[in-house]
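# Below are the sequence and a predicted model; questions follow.
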4 protein chains.
Amino acid sequence: MSHDALKLVTIGGGSSYTPELIEGYIKRREQLPIKEIWLVDIEAGMEKLKIVGAMAQRMVKAAGLDWEVHLTLDRQAALKDADFVSTQFRVGRLPARIKDERIPNYYGLIGQETNGAGGIFKAFRTVPVILDIVADMKRLCPQAWLINFTNPSGMITEAIRTYGHWDRVIGLCNVPVMAMLSEPELIGKTLDQLTYKFAGIDHFHWHRVWDESGQEVTMTIIDKLFGDNDAGLPTNIFDVPFFKDQLAAMRMIPCGYHRYYYRQEEMTAHGLAEYRENKTRAQQVTQIEEELFELYRDPELDYKPKQLAERGGAHYSDAACEAIASIYRDKKTHMVVSTLNQGSVPDLPSDHVVEVSAQIGAAGAVPMAFGHFQPAERGWLQLMKNMELVIVEAAVTGDYGLALQAFTMNPLIPSGATAKRVLDELLIAHQAYLPQFADKIQALIAAGIMVQDTVAAELSEVTQVVSD
Amino acid sequence: MSHDALKLVTIGGGSSYTPELIEGYIKRREQLPIKEIWLVDIEAGMEKLKIVGAMAQRMVKAAGLDWEVHLTLDRQAALKDADFVSTQFRVGRLPARIKDERIPNYYGLIGQETNGAGGIFKAFRTVPVILDIVADMKRLCPQAWLINFTNPSGMITEAIRTYGHWDRVIGLCNVPVMAMLSEPELIGKTLDQLTYKFAGIDHFHWHRVWDESGQEVTMTIIDKLFGDNDAGLPTNIFDVPFFKDQLAAMRMIPCGYHRYYYRQEEMTAHGLAEYRENKTRAQQVTQIEEELFELYRDPELDYKPKQLAERGGAHYSDAACEAIASIYRDKKTHMVVSTLNQGSVPDLPSDHVVEVSAQIGAAGAVPMAFGHFQPAERGWLQLMKNMELVIVEAAVTGDYGLALQAFTMNPLIPSGATAKRVLDELLIAHQAYLPQFADKIQALIAAGIMVQDTVAAELSEVTQVVSD
Amino acid sequence: MSHDALKLVTIGGGSSYTPELIEGYIKRREQLPIKEIWLVDIEAGMEKLKIVGAMAQRMVKAAGLDWEVHLTLDRQAALKDADFVSTQFRVGRLPARIKDERIPNYYGLIGQETNGAGGIFKAFRTVPVILDIVADMKRLCPQAWLINFTNPSGMITEAIRTYGHWDRVIGLCNVPVMAMLSEPELIGKTLDQLTYKFAGIDHFHWHRVWDESGQEVTMTIIDKLFGDNDAGLPTNIFDVPFFKDQLAAMRMIPCGYHRYYYRQEEMTAHGLAEYRENKTRAQQVTQIEEELFELYRDPELDYKPKQLAERGGAHYSDAACEAIASIYRDKKTHMVVSTLNQGSVPDLPSDHVVEVSAQIGAAGAVPMAFGHFQPAERGWLQLMKNMELVIVEAAVTGDYGLALQAFTMNPLIPSGATAKRVLDELLIAHQAYLPQFADKIQALIAAGIMVQDTVAAELSEVTQVVSD
Amino acid sequence: MSHDALKLVTIGGGSSYTPELIEGYIKRREQLPIKEIWLVDIEAGMEKLKIVGAMAQRMVKAAGLDWEVHLTLDRQAALKDADFVSTQFRVGRLPARIKDERIPNYYGLIGQETNGAGGIFKAFRTVPVILDIVADMKRLCPQAWLINFTNPSGMITEAIRTYGHWDRVIGLCNVPVMAMLSEPELIGKTLDQLTYKFAGIDHFHWHRVWDESGQEVTMTIIDKLFGDNDAGLPTNIFDVPFFKDQLAAMRMIPCGYHRYYYRQEEMTAHGLAEYRENKTRAQQVTQIEEELFELYRDPELDYKPKQLAERGGAHYSDAACEAIASIYRDKKTHMVVSTLNQGSVPDLPSDHVVEVSAQIGAAGAVPMAFGHFQPAERGWLQLMKNMELVIVEAAVTGDYGLALQAFTMNPLIPSGATAKRVLDELLIAHQAYLPQFADKIQALIAAGIMVQDTVAAELSEVTQVVSD
């Protein structure tokens, strides 16, 4: 970066996470010569944008900074000559997430934002929008970096590279961040005393750790971690322990989301209990969001309130700031990011996206080679990455057969008539955001398919791309 | 093969399939200069061996042949200087299979001979025995070919090559045979007018077909096949149709066993219905077996009775005879076999076993390159092959953590406490055949784990390696 | 193929090989319901086309067949609705080949038709023409098969698939044919008693052989072959023996062209001796050609004269006829062809062309998996295939830097100023056939580069695409 | 490392480079709590060890340090409980190197320490010795790190990992160090402003560079570098420029040793000129060494004399010190090292050694993924790495056929009778250090093969492992 007057743009600027982002920028004021921050949202998110945007302006002012904080619905004006673009939007807002959870739940399946049927549909809704943004960036800011933390972050990054043909992108996730925040003290170390090696794909990776004497401490951390089950897990993941015997064979630390795959029975039971209490995660989050925006409305509040940490996405925004600072200042920081494999995970194709330990600097992400996995993890990982490729292709093409293939492959969806029914209902429920599937959706409706879940139905009036 | 006085040995000679094998030899009397046929079994199988062995002798005599048919419990005498050894034994006989089915069923899971929890345990019981046989062969008949059709055939072949370090092995399966027997007439062709290309692993492969004008007829067959749902399916697979939309994306013909993975819901429901009626497949087979042996007892019967076709394994034995004749006469026949990959399925490791179209001749199996799969099938296949590797390693080492990894990976077993419970009960139920897991089993018993299923319990007196 | 009135087209129909091709068709009269044979050539080849075309017509008549034999300069009329198109043309005719030999020779380098600097330039001249033919075929006969035996056959096939995006192509070579014709009798066998496995790339492959008892006889053949040095070598390759110690480590049979790489010193010396006597291979062939056409002029001659066997390309045309018959009649013949790898040679990229044992039938070529090479052959092969890719890319793009990269990689061209000089002179010498390099050639000429070799200079008047 | 009283051992301690090593330790006195330095050599190197060892003791004393500096011929005593072992020995001393140069030169071939025939023989002599050292380390200091900078460093590291089964090894080379020392200022930058990515194998790698704004500056450096031909080249490489057109296609910076492969003609001519003047590099070095040891004898000299920089291996020892400090202090330094590939160079096997940018810390070397090469570099690299594997296997087994395969593959040795003659003479010339080839050597001598080169013959009295 040669600019010394940075223009930073955030798509989905009305998100409740924006104060964390602003705080992250303020913390790095010495590293980042910011001139303008543009918070972009859509019509439906205008109200939230105004609230959180005003708060962002108060935060900047309280920090004694002269940064301009623009609030706008004009994405193209925002992108013009941007240096860094971060994306944190949610197509369909929280109501769409509620459907992603409650429709599968209705049929006894896991309903989750980035996993199972819900995760597939979040990708279906988001991919067309992100490709649209990339098309704008090619025209308006071809030298900018895109820092994506819109979920499912790995698949979105895959779509950006493979279908958007845009290389200057880094995909982020807070899961590795939280592991590296919480694990060191479990074994009486600080983070800088340890060497971390992560590899896999977003929300489905493992890691190994060494201490400053070169001793591998992976199993020591496992022992501490799964005796102390609250350590390092995002608050949106229910905490059922892994089987010790399985971990002993694995000799790596799985990420929190592995619970859905390694303890499917318990995770399903937990999710269905929340469903029955009308308290799925999206419903909880809707409540948290309302409380947060209530706080943000306070014209005296000019710092990130501690309640924001209850949202599952904590640390995402800070990671985005760190990625921006690392690129701009060529810091060569170790971060775990979604980026092009290039051989670093040799069990996956080298020309697709993985999530891996990388050095982040001016040249972008340089992934660190992890080497081969043992057969068990290799098999899982190859299934999941190929499923991602099927999902992204279905999201781009609107091919129903591919969508069904993705549902069939997904380990959290038992194949068969119910799976197909859930697919069909989700298509109908989200039709406003799925132009690529429009013909199929019309055919389903004509054939009499209807969305069963009354909660979902109630929420169906919500429209368009909105920040979370 | 330079011998002109062949010694053929069958381990598990007391099997009800033996008449098909003998018939196969008789059909190929011009191709195979047989001198001796040795049918080997164990103490527990003596009675069956006597019955079916006597029938084999009658069949040979009726054909006007002077072949010696030896019945023996002395495996080493049989193997001494053998030319071809075929294996068709079932460790624990049908009672063990009943447990493989009913214990998972009890917990709501699919119970099946080669898939799910049951398939894993069939491998656990069989691998130690086959490695023992290979050790004998190295000493007693190092030039012999091993024709394996003991299930799970692919995993057994993998164990023979990877842990037995024995190259002269061909693994067989009747599923491709049945496809090639039934499909041509669906489209008004004969088999020799078509070009078949199969690839995958045993009981988890796909195929494509071209006609004699070079036109690909895969989709034509699919259209016929899944309008006419009885075509080409082994009788032991319940017939639920695949989703047309999925097949359209796949553009390959899946094998019958894919039903367990593509229609898991319906296959589970069907299996549990059989379970509740006390008619799981092993229980049906037990009945069929009794009827078959009743027939075989008839001193007038000197040909293969048509009732044998009702057993799911029809054509296995004939395929074995064809493989033997193809090797001995260097026929360069097209067969679909489990053999070393060598690149023919480039999405899987080249140094492990796949099931693939091959040319069978004196030099063994030369696999035909299939090329890359699309992502959906690639993901499935990589998961399943890696799971096989984990299962075989667990079978050899007795590592409980690996066994749990295999259960967790298996798409037919939702992970969690129930999965682990099923694993534990199966270990205890089969303890007589699982010396490699002895310590773990003792610990489980000490911890109070008990086998729940009363049917399984009743059958637990059965012992040792016996032909099916 | 559903047609029963075949239209066969040969580009470069005026070639001296045409009588072998016609003989091959006549031999297969029962298999091929031929209606029309079109022999196509260009203006400069008209005279030869008339002579050899008339002879072809006599041969057909003498065989009592009513096939139409058309002679034409109108390639598009010929290609219209063709069933099979075979290509045997030589861009620049024999005079161009003389330059390919004598210019490198002048600088002390090997001058050879398909290897070294000459082979690279034959590719540079031929690739644009073959891509033009493919473009015509897409319009005029999109269902036709292209049987290429224009050299360098492997690279031309690579260009057809990778840049022409045409799948219905089979590349042929006579080298494997000659090995399979001559080797069996060396060990007292017939071809059908043996199993051959070839793998590599065109003019750079190895093979292994097994007999009808399954014994590998590779080393036995090596022992016979390199005691009897005349066996199985095209007449255009000087016969210096391989080192026995090297063959013992290799445990495979190299092809004749490996002499250039394994005995570079002797092959160079031999080539330079021919150069000094003004008898390079192209010069010898020019003489043989003249004698052949003298024979062909004889209006009584209606069969292939035995003198044709002296040309190095014997058996090429017959192989083409056999490929056509194998496809048309779905014969599933074993042939060694240039086709898409698909994993059959796992040490090379699966999406590029290799030369490999394949089953040839209506569905085209199904390659047989060879498995991994040992490191020595793997290294050689990877170098040579990558060099092919560089050559073909340079031929398509006209990128001088890539041309220089190809020269630098080529093991027969020591890198440095002389190599670059040879590249530059060949560009100038062949400028009439290298439109893709036109700008660079003008720059070279402007910089005063001149072709040194007087023989080459004398021949420089020759123009355009002409049959050999 | 948990020790705080380090024992550092150097095999080949009598080397003229030892003062650089000692200086490197002294520079890092704050980072390394050294207690003992053991300089080990063999009988034949005793005199040099005493001289340079005394000087090392003076340097330590002059620095005011209380480190013990032990001089010994007892390797096992030295290795006992060592923390770091570095190796810088030369089997056969400089006289052996003179043979490696002059015997090939006599036959018109490049004679060079790590490339061509000489490089192969340096590996043949060194591999048995290094495996012997590793065997000692397994017994005496199983937790120690082996820092190898004995050449050919990549092949030696390969032997240590693949045949010695020793993982705690890092192979070093000064070529990347020199590039990173000299290139930044060419473009007005400092090293810490740049991101370097190297990949390949030792003495055959390429690199790309980015500046602190994320701009790739590779071509800018190329422009500066090959207009200013003295930049960044070890003094032992003659400086002929690369072809600009080739570099433009390559878009990477080749290492200095690529001159042998990209400008073979000029490098050969230069080497032969030195040969004729009796001034091959080894002969020059012998002179430099004598002068250095004359300096070292001065009891007043207690610092590294500037003349040492004239030796080609400058910076090797300092790199070794930096590697030791990086491991011990977990510095996570960027270094370019020979280490296990693990996917970082996806065009090469993941389980063999490559030379690549890596992060060096307590956990050893974590390689950074470079991604795929273009075909030209991919072909070269695959040839060269496979040649390394053949050389190392020949060095371990003493298989003459493999040695001949290696000679045939080597791009600097035209294959044929002369190549074989050079192989044979080098075997005889180095027989004292080639026990693995003893039988073959006796057979060659019996067959009357004699070493032609009189200079080599004169030097043949020299014996045993000696430091350089």
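Yep, it's here.
# contacts, neighbours, all on C-alpha from now
OK.
# wait, what's in contact with the residue in the stretch 51-200 of chain A that chain D sits nearest to?
Ranking the residues of the stretch 51-200 of chain A by distance to chain D (Cα to the nearest Cα) places A:Thr195 first, at 6.9 Å. Applying Cα atoms under 8 Å, 6 or more residues apart in numbering or on different chains, we find A:Thr195 in contact with A:209-212, D:362-363.
# can you name the two of those residues that are farthest apart?
Using Cα to Cα, the two most remote members of these are A:Val209 and D:Ala362, lying 11.0 Å apart.
# quick one on the thing from earlier: could the contacts of A:Thr195 be laid out in CSV, adding neighbour count?
Shown next, in CSV, are these (neighbours: other Cα atoms under 10 Å in any protein chain shown):
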residue, neighbour count
A:Val209, 23
A:Trp210, 19
A:Asp211, 24
A:Glu212, 22
D:Ala362, 26
D:Ala363, 25
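# Show the overlap between the residues you listed and what lies near chain B.
Among the contacts of A:Thr195, no residue sits close to chain B (Cα under 8 Å from any Cα of the partner chain).
# Of these, just say which sits nearest to chain C.
Nearest to chain C among the contacts of A:Thr195, with distances taken as Cα to the nearest Cα, is D:Ala363, at 30.6 Å.
# For the stretch 351-468 of chain A, what lies in contact range of chain C?
Counting by Cα under 8 Å from any Cα, the stretch 351-468 of chain A has no residue next to chain C.
# What ranges does the stretch 351-468 of chain A have for its helices?
A:375-397, A:400-409, A:417-429, A:438-446, A:454-458 (DSSP state H, counting those that start in this stretch).
# wait, does the second one make contact with chain B?
Yes. Contact between helix A:400-409 and chain B is present through A:400-402, A:404-406, A:408-409 (criterion: Cα under 8 Å from any Cα).
# So which of those residues wins on neighbours?
When neighbours are counted by other Cα atoms under 10 Å in any protein chain shown, A:Ala406 leads the residues of helix A:400-409 next to chain B with 28 neighbours.
# What residues does the stretch 51-200 of chain A have near chain D?
Close to chain D, as judged by Cα under 8 Å from any Cα, the stretch 51-200 of chain A has residues A:193, A:195.
# how does it look with 7 Å?
Applying Cα under 7 Å from any Cα of the partner chain, we find that the stretch 51-200 of chain A lies next to chain D at A:Thr195.
# What residues of stretch A:266-279 count as buried?
A:266-268, A:270-272, A:274-275, A:279 (16 or more other Cα atoms under 10 Å in any protein chain shown).
# swap that for stretch A:28-42, sorry
Applying 16+ other Cα under 10 Å to stretch A:28-42 flags A:28, A:32-34, A:36-42 as buried.
# Can you add secondary structure and distance to B:Ile103 and give those residues back as JSON lines?
Conversion of those to JSON lines gives the following (DSSP: H, G, I helix; E, B strand; the rest coil; distance: Cα to Cα, whole Å):
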{"residue": "A:Arg28", "secondary structure": "coil", "distance to B:Ile103": "60"}
{"residue": "A:Leu32", "secondary structure": "coil", "distance to B:Ile103": "63"}
{"residue": "A:Pro33", "secondary structure": "coil", "distance to B:Ile103": "66"}
{"residue": "A:Ile34", "secondary structure": "strand", "distance to B:Ile103": "65"}
{"residue": "A:Glu36", "secondary structure": "strand", "distance to B:Ile103": "65"}
{"residue": "A:Ile37", "secondary structure": "strand", "distance to B:Ile103": "62"}
{"residue": "A:Trp38", "secondary structure": "strand", "distance to B:Ile103": "61"}
{"residue": "A:Leu39", "secondary structure": "strand", "distance to B:Ile103": "58"}
{"residue": "A:Val40", "secondary structure": "strand", "distance to B:Ile103": "57"}
{"residue": "A:Asp41", "secondary structure": "coil", "distance to B:Ile103": "56"}
{"residue": "A:Ile42", "secondary structure": "coil", "distance to B:Ile103": "56"}
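# Just the closest of the residues you listed to B:Val390, please.
A:Arg28 (47.7 Å).
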